[in-house]
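[1] got a sequence here, can you model it:
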Amino acid sequence: MKSFRRQALWLSCFLLGIIGAVFAPVQAQSGGGYALRFYGNGVAGIDRVEISIDNPPVPADIGATDFTLEWWMKALLAENPSTSVSCGSDAGWITGNILFDRDIFGSGDYGDFGVSISSGRVVFGVSQGQSGNTLCGTRTVADGTWHHVAVTRSRANGTLRIFVDGVLDAEGPGPTGDVSYRDGRTGTSSKDPYLVIGAEKHDYDRTQYPSYSGWVDEVRLSTVIRYTGNFSRPVAPFTPDENTAALYHFDEGPAGPCLGVVTDSSGAAGGPSNGQCRNGGTPAGPVYVSDQPFTGGQSTSTPTRTSTPTHTATFTP
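    Residues are numbered from 1 along each chain as shown. Okay, here's the model as predicted:
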């Protein structure tokens, strides 16, 4: 009789465990880690991430082929007040609040490109030699919520595109040809062979060329055009593939000042294309923060992954 009761109790616990797994509230799955918060200080080489792309060359030096640059961002319009971008012009993006700067000082052999925020919109510009174009988006991204943004560029026909949350926001012509940083190039500025995140790389004029203030996460550089039309925006951190040139999760942590290496987790041949945080300013940035796109609660507009219940638990009588 006692054996029968133990078996019945075990069976009841087993069934309750399965029912609990199936009907328990589903928890939002965290993407883990951190994002980076910049404050737009943009002077004296601070409040930015610097990624060396030459000496030696690394895969993050995109532009010799088609490319896609994509990231997650959250910004406030009041912290990014620029309205002076010249849409449709060569290098018109540089007067916005600069988010990605792969500019070279003066007219360049090969070319350059960059991304800024103006009037709360994404601005993307590419130059090659003496020609170039600046493409201006129409959707507001500086609204205090997380947005996925991607910009693409075709080497063959020069077409430029901006996507916001998976929706084509702007499309236009651009220069053709190679816009990478020429290996071994001797520039007029020591900051030329860098891709800089969060600031104007040359510290030339903070008023005329302001830096970005806001959050950035999940930066991926690819050597292909990943998007040509509307798509479903990502619901999880990126994973590398053969077309990934560089990938930055910004998960080094801990929460607080970013002072060391920012790791490229792409695994691209010839890499890694690691970056370096340059912390400083008032308030000092960049800093690691737990507010990131996949935390499931930081932003009501951001989709989160949900866990799938499994029934592999073992019950011991």
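[2] do you know the pLDDT at residue 185?
    pLDDT for residue 185: 87.
[3] and the gap between it and residue 126?
    From residue 185 across to residue 126, the span is 18 Å (Cβ to Cβ, to the nearest Å). Just so you know, the C-beta spots here come from the backbone N, C-alpha and C atoms, and that holds for glycine as well.
[4] more neighbours, the two?
    residue 126 (27 against 14; other Cβ atoms under 10 Å).
[5] touching, that one and residue 179? I think so.
    Yes. Here residue 126 lies in contact with residue 179, judged by Cβ atoms under 8 Å, at a distance of 5.9 Å.
[6] find the residues that touch each one of these two.
    111, 112, 113, 153 (Cβ atoms under 8 Å, 6 or more residues apart in numbering).
[7] top of those by neighbour count?
    Neighbour counts for the shared contacts of residue 126 and residue 179, by other Cβ under 10 Å, peak at residue 113, which reaches 28 neighbours.
[8] SS state for that one?
    Assigned state for residue 113: strand (three-state reduction, DSSP: H, G, I helix; E, B strand; the rest coil).
[9] pairing partners for the nearest residue to it once chain neighbours are set aside in the sheet, please.
    Of all residues not flanking residue 113 in the chain, residue 126 sits nearest, at 4.4 Å (Cβ to Cβ, 6 or more residues apart in numbering). Taking DSSP bridges as the rule, residue 126 bridges to residue 113, residue 133.
[10] check contacts around residue 126.
    Contact analysis of residue 126 by Cβ under 8 Å, 6+ apart lists 111, 112, 113, 132, 133, 153, 158, 160, 174, 175, 179.
[11] tally of neighbours for the closest residue in space to residue 224 that isn't next to it in sequence?
    Nearest residue to residue 224, sequence neighbours excluded (Cβ to Cβ, 6+ apart): residue 243, at 4.6 Å. Residues lying near residue 243 (other Cβ under 10 Å) number 18.
[12] again with residue 109
    Based on other Cβ under 10 Å, the number of other residues close to residue 109 is 12.
[13] I figured it hits residue 186, correct?
    No. Applying Cβ under 8 Å as the test, residue 109 and residue 186 come out as separate, 10.9 Å apart.
[14] any low-confidence regions in this structure?
    Low-confidence segments of the chain (pLDDT under 70): 1-32, 107-108, 296-317.
[15] try it again at 80.
    For the chain, the stretches with pLDDT under 80 are 1-32, 106-109, 187-188, 295-317.
[16] so who does residue 257 touch?
    Contacts of residue 257 by Cβ under 8 Å, 6+ apart are 277, 279, 284, 287, 288.
[17] all strands of the stretch 1-150 of the chain, in order?
    28-29, 35-39, 48-52, 67-75, 97-102, 108-118, 121-129, 131-136, 147-153 (DSSP state E, counting those that start in this stretch).
[18] nearest to residue 261, of these?
    Closest approach to residue 261 among those is made by strand 48-52 (10.0 Å; Cβ to Cβ).
[19] quick one: strands adjacent to that closest one?
    strand 194-197 (antiparallel), strand 275-278 (antiparallel).
[20] and for that strand, what are the contacting residues?
    Outside strand 48-52, the residues that touch it by Cβ under 8 Å, 6+ apart are 36, 38, 42, 58, 60, 191, 193-199, 201, 211, 246, 248, 258, 262, 273-278, 286.
[21] please apply the same query to stretch 160-175.
    By Cβ under 8 Å, 6+ apart, the surrounding residues in contact with stretch 160-175 are 88, 111, 122, 124, 126-129, 131-133, 135-139, 141, 147-154, 157-159, 227-233.
[22] most neighbours out of the contacts of residue 257, which is it?
    residue 277 (25 neighbours).
[23] what's the nearest residue to that residue if we skip its chain neighbours?
    Closest to residue 277 by Cβ to Cβ, 6+ apart is residue 258, at 3.7 Å.
[24] residues in contact with residue 99?
    Per Cβ under 8 Å, 6+ apart, neighbours of residue 99: 73, 115, 116, 117, 197, 198, 212, 216.
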